[in-house]
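1. sequence first, then the predicted structure:
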Amino acid sequence: MNRRDLLKIGSLAALATPFAVKTAFAADDPIVFGAPNPMSGPFAANGKFAEMGVQLFVEHNKTLIGRPVSYRVLDTQGKPATAVRQVQDLFEQQKARFFAGGILSSEALAMGKSLDKQGGIFVTTAGADEITGSDCNHAMFRWSVPTYGAVRETVGPLIKQHPDAKRWYTITPQYVFGEGLLSATKNILKENNLEHVGNSYHSLDEREFSGYLTNAMAAKPDVLVLLNFGSQSSEALRQAVSFGMKTNTIILMAWASGLEQFESLGADLCQDVYFGVQYWHTIDSPLNKQLVEQTRAKFNMNPNYSLAGAYIITKMMADGIVKANSADPDKVIAAMEGAEYDGLTGKEMIRKEDHQVIKNYYLLKGKAKAAMKDKDDYVDVVHGGQSFLTPEQAGCKMST
C-alpha cells in the first residue's frame, strides 16, 4: 500500500471518529423544543401566552424516552425571514429538531419549508390553507382548523341563524391568512346567493380602522365580518362598536384568539358579537380538564387559545417521540401520521396524507355582563363542528 492510500485511510478515520463520539453521547443529549413565536411587535401578547403553553408542558414532562427535555423561546417578530434565521440557528447550535409555533401564517409557511429541508419537525396553529394544502410538506403539521373550516363553521351557522341577513362586508389583513379567509367567505356567500357588498384590505401594521369602517357603514351591510386576528381584530371591533355598528349590524370575528381577547375587550364590547375560535376552556374532554387544572395551578388563570395551542402542538410531537421511542425526526413523523388521540377538543386525528389535525371549530356569542357566571364566562357556545377539504381538494402533494 502506498503513502497516498494510507493518507486516504487516515483522513477517513479522522472524519469518522468525531461522528462516532457524537453518536455515543446522543442518547444523553436533551430533547430541545423550539418555540418560535412573535414575542415583540403587534402579536407579542399571543407569543407570550404561547410560551406559557410550552413551559407548562415541559415542566410536567421533564423527560422523554429517558432524555431530559428543555425548550427555547425564539422571537420571530412576526417576520418570516427573522423566523427562519432563528430556527436555523437553534437547529444548528443546540441540535433542536422539534419546533412548536408560528402564530402568523406567513412565518409558519417559511419555517415549515426551512425545516423540511433541514430535517426537523414543525407543528403550528396558523390558519392558511396552504400549510396543509399546496405548500404541505413532510416536516409540517397543523393542529388548528384551516381558514376554510373556520369560515364554514362560523359564516355557515350564521347564515342559518339569520336568514334575513343578505348583505355582508369584510375587513381583511392583506397576507396569506387573510386572503384564505376572504376567499372562503366569498365562496360560501356565493353558494347561498348572498351579496358580498364590499371588502377593505389593511396591512399587518394597521391600527386605525375608522376609514375602513366608514366604507363598511356606507355599504349598509347586515353583517360585518372581521377577518383579521389578535390586537388588530380587537381594535377593529372597538372602533366598530364606537361607531354604533353593533346596534344595526351583526358582527362576526371569524378567527378570535379567545379568552385573552375577551379579557382585553371586556364583556360590554363582546356582548352579542359572534366569535369563531379553535378552543374554549370549558370544552368537556379529559385532556382539557387536565390543562385547565395545571394552568390554574401554575398561572392562576384559565388557559386561552394561544396557551392551549402551544401546549397541544408540543404534546403532539412529544407523543410521537414516545410512540417511536426515538428522537429521530423521520421516525417521529411516521409515528405522528395517522395518530388518533384524546385531545383538547375531544377525539382528534392527525391525517396522514396532509398532516392536518381533524378537530372541531366553535362559534361563540358574547353574553351580557349580568349573565356571566364567573369572570371568564364571556360567551355561550352556539355551534361546534368540522369542515375540511380533502387533501386532494386542498392541493396537498406530500413531499418525502
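-> Here it is on my side, so go on.
2. what about the helices in the stretch 301-400 of the chain?
-> In the stretch 301-400 of the chain, the helices defined using DSSP state H, counting those that start in this stretch lie at 305-324, 329-336, 391-394.
3. what pLDDT is listed against F43?
-> Listed pLDDT for F43 reads 89.
4. what sits against it?
-> By C-beta atoms under 8 Å, 6 or more residues apart in numbering, the contact list for F43 reads G78, I103, L104, F229, G230, S231. Backbone N, C-alpha and C define where each C-beta goes, glycine included.
5. most surrounded residue in those?
-> Most neighbours among the contacts of F43, by other C-beta atoms under 10 Å: L104, with 31 neighbours.
6. which residues are in contact with the spatially closest residue to it that is not a sequence neighbour?
-> Distance criterion C-beta to C-beta, 6 or more residues apart in numbering; nearest residue to L104, sequence neighbours excluded, is G78 at 5.3 Å. With contact set as C-beta under 8 Å, 6+ apart, G78 has these partners: P38, G41, P42, F43, I103, L104, E107, L204.
7. what about stretch 262-270, how long is it end to end?
-> Length of stretch 262-270, first residue to last, C-alpha to C-alpha, to the nearest Å: 7 Å.
8. could you pull out the strands for the stretch 101-250 of the chain?
-> 121-124, 140-142, 167-173, 195-202, 223-226, 250-253 (DSSP state E, counting those that start in this stretch).
9. mind listing what the nearest residue to S144 once chain neighbours are set aside touches?
-> Closest residue to S144 apart from its sequence neighbours, by C-beta to C-beta, 6+ apart: T125 at 4.3 Å. With contacts defined as C-beta under 8 Å, 6+ apart, T125 is in contact with G102, I103, R142, W143, S144, Q278, Y305, S306, G309, A310, I313.
10. what does the pLDDT read for the fourth one?
-> The reference is to W143. For W143, pLDDT reads 98.
11. that one against I313, yeah?
-> Yes: in this structure W143 lies within contact range of I313 using C-beta atoms under 8 Å: 5.0 Å.
12. who has more neighbours out of the two?
-> Using other C-beta under 10 Å, the more surrounded residue of W143 and I313 is I313, with 30 against 27.
13. coming back round to it: filter the contacts of T125 to the buried ones?
-> G102, I103, R142, W143, S144, Q278, Y305, S306, G309, A310, I313 (16 or more other C-beta atoms under 10 Å).
14. of all those, which two lie farthest apart?
-> R142 and S306 (15.3 Å; C-beta to C-beta).
15. quick check, pLDDT for I9.
-> So I9 comes in at 38 (pLDDT).
16. cool, and Y175?
-> Confidence score, pLDDT, at Y175: 89.
17. what's the neighbour count on it?
-> The number of residues packed near Y175 is 15, by other C-beta under 10 Å.
18. do you know how far it is from D135?
-> 14 Å (C-beta to C-beta, to the nearest Å).
19. got the end-to-end distance for stretch 245-254?
-> 17 Å.
20. isn't D377 right up against K367?
-> Yes: using C-beta under 8 Å, D377 makes contact with K367 at a distance of 7.2 Å.
21. more crowded one of these two?
-> Taking other C-beta under 10 Å, D377 and K367 do not tie; K367 has more neighbours (17 against 14).
22. which ones are touching the residue nearest to that one when sequence neighbours are not counted?
-> Among residues not flanking K367 along the chain, D380 sits closest, at 5.7 Å (C-beta to C-beta, 6+ apart). Shown in contact with D380 (C-beta under 8 Å, 6+ apart): L364, K365, K367.
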